[in-house]
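Colleague: would you be able to build a 3D model of this:
(one chain, ligands or ions: 1)
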Amino acid sequence: MGGRDATMVLLDENGIRCDGRKVDEPRRIMIRAGGLKNADGSAYIEFGDNKILVGVFGPRDVHPKHMSDTDTGILRVRYHMEPFSVGERKNPAPSRREIEISKVIKEALEPAVMLDKFPRTAVDVFIEVLQADGGTRCAALTAASVALADAGIPMRDMVAAIAAGKVADTVILDVNNEEDQAGQADMPIGYMPSLKKITLLQLDGVLTPEEYKKCVDVGVKGCELVYELQKKALHDKYFGKGDE
Ligand code: CDP
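Modeller: Below is the predicted model:
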């Protein structure tokens, strides 16, 4: 954040971004429901150059037993980045960043999942980032929601996620890695479109109150687009492709 690479043109005179997108244009998003036969539910997402696989297991017994809750089920989330997923090899040991992202994704999913229906059990969500290019927490959260639905876990809604941000004093949708590194702000948003509730909102960078509101607006609209693709992924798996 804060213009680390001063030579990079993040927005040209025609309003085109460094990867050729317009300011309100998301990257190419492809979501597939299912794919892992040993998981209860799974999903794979390509969000621009991010490639992420999610496996869901449960509801299942909690070990050790004292970790369980007699009143409700618990959600456990592990976000893990492969050492080869980034340009400079990532140390395979769990990083503080992975621990933080696991926590924010868990907290963003909790309002959507009806855990009270499964007291004493756990639902485990394993997220494997195969390739990262900025915005992995949003892509992972989006795929995790599809994987939970694929596992048949009762949910109030799915959480769709995308980041808004600011480059060259302009609000943009779907921040890529270069924009995250050299831009002015990055605001990941997770949103339940049917319930109209935000479950994740983080901000790295500085925004004016007007820009803040605009980022939330742009981000929520972006989440609505992502939501359509989540539903299509589930529809394609359970009702077949092209059967609209
Ligand atoms: O991925 P997300 O934007 O949710 O989280 P971030 O901490 O803002 O990371 C932004 C990007 O930095 C990641 O998506 C990766 O592309 C990159 N990164 C990296 O190159 N090496 C790391 N060890 C961690 C992140």
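
Colleague: so who does the residue sitting nearest the centre point of the chain touch?
Modeller: With distances taken as CA atoms, centre = their mean, C138 lies nearest the centre of the chain, 2.2 Å away. Remark: with contacts taken as CB atoms under 8 Å, 6 or more residues apart in numbering, C138 is in contact with 47, 161-163, 188-190. In this view, the C-beta of every residue, glycine as well, is placed from N, C-alpha and C.

Colleague: out of these, who's nearest V220?
Modeller: I189 (6.6 Å; CB to CB).

Colleague: which one among the contacts of C138 gets closest to G240?
Modeller: Taking those together and measuring to G240 by CB to CB, the closest member is F47, at 24.1 Å.

Colleague: one step back: helix or strand: which one has the residue nearest to the centre of the chain?
Modeller: Taking DSSP states H and E as the criterion, C138 maps to helix 136-150.

Colleague: which element follows that helix toward the C-terminus?
Modeller: Sequence-wise, the next helix or strand downstream of helix 136-150 (DSSP H and E) is strand 160-167.

Colleague: ok, that following strand: who's next to it in the sheet?
Modeller: strand 170-173 (antiparallel), strand 185-192 (antiparallel) (DSSP bridges).

Colleague: which bits of the protein sit near the ligand?
Modeller: Applying CB under 6 Å from any ligand atom, we find that the chain lies next to the ligand at 86-87, 90, 97, 132-137, 177, 180.

Colleague: mean neighbour count, the strands paired with strand 160-167: which tops it?
Modeller: Stretch with highest mean neighbour count among the strands paired with strand 160-167: strand 185-192 (a mean of 25; mean count of other CB atoms under 10 Å).

Colleague: follow-up on the earlier one: in CSV: the strands paired with strand 160-167, plus mean pLDDT.
Modeller: Converted to CSV, those look like this (pLDDT from 0 to 100):
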stretch, mean pLDDT
strand 170-173, 98
strand 185-192, 98
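
Colleague: dump these into JSON lines; add distance to G34 as well.
Modeller: Output for the strands paired with strand 160-167, formatted as JSON lines (distance: least, CB to CB, whole Å):
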{"stretch": "strand 170-173", "distance to G34": "28"}
{"stretch": "strand 185-192", "distance to G34": "22"}
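
Colleague: out of these, which gets nearest to D217?
Modeller: When these are compared by CB to CB, strand 170-173 sits nearest D217, at 8.7 Å.

Colleague: which residues touch the closest one?
Modeller: 11, 15, 17, 23-26, 162, 164-166, 179, 183, 211, 214-215, 218-219, 221-222.

Colleague: so which of the residues you listed are in strands?
Modeller: Within the contacts of strand 170-173, residues falling in strands by DSSP state E are 162, 164-166.

Colleague: going by distance to the ligand, which of these wins?
Modeller: The closest of these to the ligand turns out to be G165 (CB to the nearest ligand atom; 9.9 Å).
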